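Novice: Predicted model and sequence below, questions to follow.
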Amino acid sequence: MKHGIYYAFWEQEWEADYIKYIQKVADLGFDILEIGAKPLVAYSKEQIQNMRHAAESSNIMLTAGYGPAPHHNIAIPEGNLREQAFEWYARLFDVMAQLNIHSIGGGLYSYWPVDYAAGINKTEDLKYSIEGVRRMAEMAAPYGIMLWMESLNRFEGYLINTAEEGVAFCEAVGCDNVQLMLDTFHMNIEETSIGGAIRHAGKYLGHLHTGECNRMLPGKGRMPWREIGEALADIHYRGNVVMEPFIQMGGSVGRDIKVWRDISKGICESALDAEVKKALEFQRYMLGGA
């Protein structure tokens, strides 16, 4: 089991100088840095080479996350917009492979955050989404890229809200490189039993995001970490565990995540680093993989 963190713990925008954070997380003792996928398609060859070299020399695995923009929504009928979304994903997968990134997770089956004012048709959208993810999986397979479908709470998404829905989705897609991604924050809202959700996911669980029910670092709230650790042990989980805390207001991150107060209490970057190092020790102890 490898442990990581999403770069946006320190940032307010959905892109950043990832090389800086590669070195930072290596110094803090992490195995993984998860980065935002959106800016990667515009990277130059020099940027790709520099970032890959930084990760390899620091012995840091890179994973990617993406909350698709509305124009990258593949859960829509055939047409120009859908084709343009697939063209974008094709470019993304090529750059990911050059960066030695072989996994991406998020609400890839739709878009995020959902605009409910626009109206939804879950039955129809689910049909288009399954077809679209199957096509996306075929595009990603030659690069050895895994696609993780994230189960989101009802306020951010509507197609996959629970582990049960996520497993059913993965089964319907039927591709080996499509698995489920669970997040303790979302599970806290939607699942009757967090441990039960993890056990139900079983072999389909490919990636786990961690954080407290108020988006703070693991160990700073009331999440049932022992229950989570026992459930992971029961399914013999050996995948990645990536923290995804959000504690700062401002920017597109604060807006989209809905952080309306400074949970960080204004502490400096070095203090944030100290806090996240403690959280890593806590997570390794509670969930395994030391």
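Specialist: Thanks, I have the structure now.
Novice: Can you give me the neighbour number for residue 41?
Specialist: If you count neighbours by other C-beta atoms under 10 Å, residue 41 ends up with 15. (Glycine included, C-beta is placed from N, CA and C.)
Novice: Burial check on the residue nearest to it when sequence neighbours are not counted, number of neighbours?
Specialist: Spatial nearest neighbour of residue 41, chain neighbours left out: residue 91 (4.7 Å); criterion: C-beta to C-beta, 6 or more residues apart in numbering. Per other C-beta under 10 Å, the neighbour tally for residue 91 reads 12.
Novice: and the helix or strand where residue 91 lies, what does it pack onto?
Specialist: Under the criterion DSSP states H and E, the helix or strand holding residue 91 is helix 80-98. Under the contact criterion of 3 or more C-beta pairs under 8 Å, 6 or more residues apart in numbering; DSSP states H and E, helix 80-98 touches helix 45-58, helix 122-140.
Novice: ok now that helix, how far from the chain's centre?
Specialist: Between the centre of helix 80-98 and the centre of its chain there are 18 Å (C-alpha atoms, centre = their mean, to the nearest Å).
Novice: just the angle between it and helix 45-58, please?
Specialist: With axes from the mean of the first three to the mean of the last three C-alpha atoms, to 10 degrees defining the directions, helix 80-98 sits at 50 degrees from helix 45-58.
Novice: Let me see the ranges of the strands in the chain.
Specialist: Along the chain, counting by DSSP state E, strands occupy 2-6, 32-36, 61-65, 103-106, 146-150, 178-183, 205-210, 240-243.
Novice: re earlier: just the residues contacting the helix holding residue 91, thanks.
Specialist: 37, 40-41, 43, 48, 52, 64, 68, 71-74, 76, 102, 104, 132, 135-136, 139-140, 143-145 (C-beta atoms under 8 Å, 6 or more residues apart in numbering).
Novice: Could you identify the buried members of those?
Specialist: Listed as buried from these are 37, 40, 43, 48, 64, 68, 72-74, 76, 102, 104, 132, 135-136, 139-140, 145; burial here means 16 or more other C-beta atoms under 10 Å.
Novice: Report the mean confidence score over stretch 161-171.
Specialist: The average pLDDT within stretch 161-171 is 98.
Novice: Which positions in it come out as buried?
Specialist: So for stretch 161-171, counting by 16+ other C-beta under 10 Å, buried means 161-170.
Novice: for the residues you listed, which one is nearest residue 282?
Specialist: Taking C-beta to C-beta as the measure, residue 282 sits nearest to residue 163 out of these, at 23.9 Å.
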